[in-house]
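Asks: could you work out the structure for the sequence below:
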Amino acid sequence: MISPLITVALEVNGDTREVSAMADTPLLLVLRNDLALNGAKYGCGLGECGACTVIIDGVAARSCVFPLSGAAGRAIVTLEGLGTRQAPHPVQQAFIDEQAAQCGYCLNGMIMTAKALLDRNPNPSETEVRNELSGNLCRCGTHIEILRAVLRAAHLLTVDGRP
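Replies: I've put the predicted structure just below:
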């Protein structure tokens, strides 16, 4: 059975955007192809690697397996909605400061998962960070730098009080 074409209003990074696509189209494809938001990456297409992570209603979600039909009326935040080049979000700044990337392909998922964690738990332990990021794959081996970046971001957010 072919999925019906639907038109939905999405709240993405604080802006309402209207898109039309098949109901079961993955949110990732809509974000990248229709809205030109390329922070979320296509990795595995199965929701297992984390490269496509966005935040939906405050929760980290895998956009490659999240259907467009389920996104209507929900607050979606992508990497582009966190900060700017001139004023990065503290999580982004911490990843820069710790040089927590090599190829950068996993970075979106790591940053978005860390942001959701720190919103929920502003002072996580190292174990809590490791557990939260365990579903995000990084093949370059920057795991220690990523861990340090999340802990640095927690400190920056505590000092700055920024969301």
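Asks: quick one: residues contacting residue 9.
Replies: Contact analysis of residue 9 by Cβ atoms under 8 Å, 6 or more residues apart in numbering lists 16, 17, 18, 72, 73. All C-beta atoms are positioned from the backbone trio N, CA, C, and that covers glycine.
Asks: pull out the buried members of those residues.
Replies: Listed as buried from these are residue 17; burial here means 16 or more other Cβ atoms under 10 Å.
Asks: which residues touch the lowest-mean-pLDDT helix or strand in the chain?
Replies: Across the helices and strands of the chain, mean pLDDT, DSSP states H and E gives its lowest value to helix 143-160, namely a mean of 89. Helix 143-160 is touched from outside by 90-91, 93-95, 97-101, 110, 114, 117-118, 122-124, 126, 129-130, 133, 138, 162-163, with contacts defined as Cβ under 8 Å, 6+ apart.
Asks: before we move on, what about stretch 38-45?
Replies: 26, 28, 31-32, 49-54, 63-65, 78-80, 105-106, 108-109, 112, 137.
Asks: with just CA atoms, put it into CSV.
Replies: The C-alpha trace of stretch 38-45 is given here as CSV (Å, rounded to 0.1, in the frame of the first residue of the first chain):
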residue,chain,number,x,y,z
ASN,A,38,21.8,19.4,6.5
GLY,A,39,23.2,19.0,10.1
ALA,A,40,21.5,15.7,10.5
LYS,A,41,23.3,13.1,8.5
TYR,A,42,22.1,9.9,6.8
GLY,A,43,24.1,7.1,8.3
CYS,A,44,22.6,3.7,8.6
GLY,A,45,18.9,4.5,7.8
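Asks: and it, how far out from the chain's middle?
Replies: In terms of Cα atoms, centre = their mean, to the nearest Å, the centre of stretch 38-45 is found 10 Å from the chain centre.
Asks: what residues of it count as buried?
Replies: Applying 16+ other Cβ under 10 Å to stretch 38-45 flags 39, 40, 41, 43 as buried.
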